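# can't give you the sequence, but here's the structure:
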């Protein structure tokens, strides 16, 4: 009986993967996703009215989300607590690069620093926000204009202290061909380390 149940579960899983593979074809991965970051805040949740600023730069600092980067902040004072949301203020125009033609989901070659909007309909130089949050704080949702990217696990700080924060983004398999144009789709995911 157990073998039959296991077989049925595996068959259902395989069938589901085949259906999803046809409905949501596998995306390609960018070689570079550059954004200009102005502000990064840790929040206990969506309703947090007192976020903790861990990075702030008036002119902005360019980061490549597709690379494993160094900490973007030296030392920031972070109060003890569990943080389930990261809010980033960035320039709306992200620069997307494909270094290998096989990574182009539309199949028309390589390109470097093609600007695409994070928030559609906004000026590329305007500032916009990107939210990363845990599953229980509405993370990983993508419905039309409502996007909340995924924070892989809460950030826990055991005591009020100065800390370094390292951000590791996952932007793989997010490139799709839409009406002959490469488009990067959310949600993205993020893992945060505090040292």
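Done, it's in. Model, not experiment: these values are computed from the prediction.

# got the contact list for residue 175?
Contacts for residue 175 (CB atoms under 8 Å, 6 or more residues apart in numbering) come out as 27-30, 96, 98, 103-105, 182-185. Quick note: C-beta positions are derived from backbone N, CA and C, even for glycine.

# Could you pull up the residues touching the closest residue to it other than its chain neighbours?
Sequence neighbours aside, residue 28 is the residue nearest to residue 175 in space, at 4.2 Å (criterion: CB to CB, 6 or more residues apart in numbering). By CB under 8 Å, 6+ apart, the contact set of residue 28 is 98, 102-105, 173, 175-176.

# Residue 57 versus residue 28, what's the distance?
Going from residue 28 to residue 57 by CB to CB, to the nearest Å gives 31 Å.

# Let me see the ranges of the helices in the chain.
Taking DSSP state H, the helices of the chain run over residues 2-23.

# Pick the one among the contacts of residue 175 closest to residue 113.
Residue 113 has its nearest neighbour among the contacts of residue 175 in residue 96, at 7.5 Å by CB to CB.

# so what's that closest one bridging to?
For residue 96, the beta-bridge partners are residue 33, residue 114 (DSSP bridges).

# Farthest pair within the contacts of residue 28?
102 and 176 (15.0 Å).

# which one of those two has more residues nearby?
residue 176 (17 against 8; other CB atoms under 10 Å).

# from what I can see the more buried one touches residue 29, true?
No. Residue 176 lies out of contact with residue 29 (CB atoms under 8 Å); the separation is 11.4 Å.

# List just the nearest of the contacts of residue 28 to residue 161.
residue 173 (36.4 Å).

# so that closest one touches residue 27, yeah?
Yes. Residue 173 is in contact with residue 27 according to CB under 8 Å; the separation is 4.3 Å.

# out of these two, which sits in the more crowded spot?
residue 27 (16 against 13).
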